[in-house]
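Engineer: Need the 3D shape of this:
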Amino acid sequence: MKMKNGRILASLGLSLVFLLVGGVAPAHAEKLVLGNEGSYPPFSMVDSSGKLTGFEPDLAREMCKRMNVECQIVVMDFKGLIPALLQNKLDAVVSQTKPLPERLEKVLFGRPVLFNPDSYVVPSSKNYVFTKEGLKGVRIGLQRGTAQAKYVAETYGDAMLPVFYDNPDQIRLDLASGRLDMSLGPKISWTNEFLSKPAGKDWKFAGGDLWTGGGEAGSSWITRKNGQALLERMNQTIDTIIKDCTFTKLRKQYMEVQLLPEEAACTRQ
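Structural biologist: Residues are numbered from 1 along each chain as shown. As a prediction, the model looks like this:
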């Protein structure tokens, strides 16, 4: 009897250890892997120490803090973000993405995080006519896999001579060196990173404001089609960040121009 009781106590002891160590161990904190291109200042860039900075990484970190989740932000070329998302290597993309029809078929788009029309960047001395005939043979620098590249191909066919790059910094270098005749990109980024700097003193916007993202305005963060619950949490959290003006405070660290109409309430304070 004593031996039997000993076995029972030993069994209970092992069960207790199992419960404490393995069976009902405290749940691990939720972790999300987010993708960002890291080469689109002032929205995202990698500093000299290797740290990812910029408005969108800062906004993403604030979102993760409020969602009470651990987030890892992975940097990769923009053209690789959606494929990585679809291959389950990422949970979401936190680089501004335009809702092109072919993208809408593959991924879910969240609430807009900014409105940023595109425009052509051309030499101040040039007055191009924006038709196939007027732009025939013009060398235009474009980032691979972007809405701007698609827009140029669909609008001008083979009249223009597109030169493709992995990031906007490479385009700006070739513009300044005379290897390109023009580019097409978001006005906020091109103002901050080129036209307002010495290298861009002989360049200007032309062709008016364009929306190259199809029928819907605004750029958003995205998830997979099965990520509806996550996207709703992200949307709700970003809404709170905008409402309490944290969005505007983060944005002002990098640029003066408003990104969303809702910011007007914060700029009046």
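
Engineer: Show me where the stretch 51-200 of the chain has its strands.
Structural biologist: Assigned by DSSP state E, counting those that start in this stretch, the stretch 51-200 of the chain shows strands spanning 52-53, 70-75, 92-97, 107-114, 118-123, 139-143, 161-165, 182-186.

Engineer: okay, these in TSV with mean pLDDT next?
Structural biologist: Output for the strands of the stretch 51-200 of the chain, formatted as TSV (pLDDT from 0 to 100):
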stretch	mean pLDDT
strand 52-53	97
strand 70-75	98
strand 92-97	97
strand 107-114	97
strand 118-123	97
strand 139-143	97
strand 161-165	97
strand 182-186	96
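
Engineer: How about the secondary structure of Trp221?
Structural biologist: strand (DSSP: H, G, I helix; E, B strand; the rest coil).

Engineer: Output the strands of the stretch 51-200 of the chain in CSV; the columns should cover mean neighbour count.
Structural biologist: For the C-beta atoms, the positions are set from N, CA and C on the backbone; glycine is no exception. Output for those, formatted as CSV (neighbours: other C-beta atoms under 10 Å):
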stretch, mean neighbour count
strand 52-53, 18
strand 70-75, 16
strand 92-97, 25
strand 107-114, 20
strand 118-123, 22
strand 139-143, 22
strand 161-165, 16
strand 182-186, 25
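
Engineer: Which one of these lies nearest to Gly207?
Structural biologist: Closest to Gly207 of these is strand 118-123 (C-beta to C-beta; 4.2 Å).

Engineer: related to what we said a few turns ago, how about the strands of the stretch 51-200 of the chain in a markdown table, adding distance to Met45?
Structural biologist: Formatted as a markdown table, the strands of the stretch 51-200 of the chain follow (distance: least, C-beta to C-beta, whole Å):
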| stretch | distance to Met45 |
| --- | --- |
| strand 52-53 | 6 |
| strand 70-75 | 10 |
| strand 92-97 | 12 |
| strand 107-114 | 16 |
| strand 118-123 | 19 |
| strand 139-143 | 15 |
| strand 161-165 | 16 |
| strand 182-186 | 15 |
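
Engineer: Tell me which of the ones you listed lies nearest to Gln236.
Structural biologist: Closest approach to Gln236 among the strands of the stretch 51-200 of the chain is made by strand 107-114 (9.2 Å; C-beta to C-beta).

Engineer: how does this protein divide into domains?
Structural biologist: Recorded structural domains for the chain (assignment: automatic domain parsing) are 31-114+218-267, 118-210.

Engineer: Now the terminal residues of the longest one, how far apart.
Structural biologist: Which is domain 31-114+218-267. 34 Å (C-alpha to C-alpha, to the nearest Å).

Engineer: Please apply the same query to stretch 40-60.
Structural biologist: Using C-alpha to C-alpha, one end of stretch 40-60 lies 15 Å from the other.

Engineer: quick one: that stretch to chain centroid distance?
Structural biologist: 11 Å (C-alpha atoms, centre = their mean, to the nearest Å).
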